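Undergrad: Predicted coordinates and the sequence they were generated for:
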Amino acid sequence: MARSRRSSGKRRKNKKNGTAYVWPLLIAVAVLFAGYFVYRIIRPITYPFHEKTYFYIPTGSTYADVLKQLQQQHIVRNVRDFDWLARKLHYPRHVHPGRYAVKPGMSNLQLVHLLYSGKQAPVKLVIGKLRTRTDLIRLVSHHLEADSLSMATLLRDEVYLRQYGLDTNTALCAIIPNTYFFFWNTSAEGFFKRMMQEYHRFWDSTRIQEAQKLGLTPNEVIILASIVEEETNHNAEKPLIASVYLNRLHKGMRLAADPTVKFALGDFSIRRIYSKYTRVNSPYNTYVYKGLPPGPICTPSPASIDAVLHAPQTDYLYFCAKADFSGSHVFASNYAEHLKNARRYQAALDSLHIQ
């Protein structure tokens, strides 16, 4: 009996020792698994870009599309790890289109949180002088998701433009050159609506009153300012040039503005306006048709618009580029004086064989 008790005690001791070995092993395995999953969560998953890059999710994308784009745009090194964590955090039900700033070496968790949040990186859109609707379409479709076809369709839609008091000729009046910030997934309509908001912000009550004093609507001021914009790069001269055209309008004279001829011909490389050019039959040719053209010949800067609104009272009816090619102009109140100025400039062009 004594032997039996000793044997039983030995077995209990061995069992206890075995249990003592198992628990540390289980803990070690658990730690390894936890460490593995933590590693999958926090390890860098984006490629080591040289600098910040952008990940684009087009409008209407599904979660499957996001996974495909992550690979095609070379954003992540292991899309399976992204997919595993994204599903754990329920991202597939929260796909937001847009442009996202992705930093080199972002962790899996950081990337999933970024895309889940829908926090886009805005697009900086610098709008300067644009001469045609095609220029605007090209600029917008290059920087925003709105494609060229949707922009072109909108700018040809008379019914759509009419709600803003515009037509296909005056559509560019809505564009006030400046620097703007947009979300990349802005649609063509979203872009134009924003431009109209900026238009109304620019045309405050003070500017509207100044236009009324000139007997012009805001859009007519923009059309005249577009001619001034094309005539000179010198802001200091713009009010004087504006005064010339305002005087001509009030006297019922043709504006006879060379830039309108270039616009009518669709050739902005012309350096000398010959009489054969001034006969082109176009409502934009102010050598042929009196008054303002039916729409702007470019998007004038705020400086050019304000130059029209603040044009001084002068008796100038003519101006001509200086013969020194400085870009400045000489002004005249009578045709004889203007002819002298014009001959000097033409002679300077001839001496340099400029055609």
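TA: Cool, the structure landed.
Undergrad: Any chance you could spot the residue sitting in the middle of the chain?
TA: residue 125 (3.0 Å; CA atoms, centre = their mean).
Undergrad: quick one: what helix or strand has residue 320 in it?
TA: Element membership for residue 320 (DSSP states H and E) is strand 318-321.
Undergrad: Would you give the sheet partners of that strand, along with the direction of each?
TA: strand 329-332 (antiparallel) (DSSP bridges).
Undergrad: next structured bit after the strand it pairs with?
TA: Following strand 329-332 in sequence order, the next helix or strand is helix 335-351 (DSSP H and E).
Undergrad: can you give me the helices in the chain?
TA: 2-42, 63-72, 79-88, 108-117, 133-143, 148-156, 158-162, 188-202, 205-213, 218-231, 238-251, 258-265, 302-309, 335-351 (DSSP state H).
Undergrad: quick one: buried residues of the last one?
TA: Just to be clear, that refers to helix 335-351. With burial defined by 16 or more other CB atoms under 10 Å, the residues of helix 335-351 counted as buried are 338, 341, 342, 345. All C-beta spots, glycine's among them, are computed from the backbone N, C-alpha and C.
Undergrad: ok so, going back, tell me the contacts of the residue nearest to the centre of the chain?
TA: 139, 140, 143, 144, 179, 180, 181, 182 (CB atoms under 8 Å, 6 or more residues apart in numbering).
Undergrad: Buried among those residues? Need that as a selection in ChimeraX.
TA: Selecting only the buried entries of these in ChimeraX, with 16+ other CB under 10 Å as the criterion:
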select :139,140,143,144,180,182
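Undergrad: Out of the contacts of residue 125, the closest to residue 311 would be?
TA: residue 179 (26.6 Å; CB to CB).
Undergrad: That closest one contacts residue 124, correct?
TA: Yes - with contact defined as CB atoms under 8 Å, residue 179 reaches residue 124; the gap is 6.6 Å.
Undergrad: mind giving me a markdown table with the buried residues of helix 335-351 and columns for distance to residue 90 and pLDDT?
TA: Below are the buried residues of helix 335-351 laid out as a markdown table (distance: CB to CB, whole Å; pLDDT from 0 to 100):
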| residue | distance to residue 90 | pLDDT |
| --- | --- | --- |
| 338 | 75 | 89 |
| 341 | 75 | 85 |
| 342 | 74 | 84 |
| 345 | 72 | 80 |
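Undergrad: How about residue 256, nearest residue that isn't a chain neighbour?
TA: Sequence neighbours aside, residue 287 is the residue nearest to residue 256 in space, at 5.0 Å (criterion: CB to CB, 6 or more residues apart in numbering).
Undergrad: Repeat that for residue 285.
TA: residue 264 is the one closest to residue 285 (CB to CB, 6+ apart), at 4.4 Å.
Undergrad: Got the confidence number for the one you found?
TA: The model reports residue 264 with a pLDDT of 97.
Undergrad: cool, the one 4 residues further on as well?
TA: Per-residue pLDDT puts residue 268 at 92.
Undergrad: residues in contact with it?
TA: 131, 262.
Undergrad: Buried residues in stretch 82-94, which are they?
TA: Across stretch 82-94, burial judged by 16+ other CB under 10 Å covers 82, 83, 85, 86, 91.
Undergrad: What score does residue 23 have for pLDDT?
TA: 49.
Undergrad: With the one 10 residues further on instead?
TA: Residue 33 is assigned 46 on the pLDDT scale.
Undergrad: low-scoring pLDDT stretches of the stretch 1-150 of the chain, where are they?
TA: 1-42 (pLDDT under 70).
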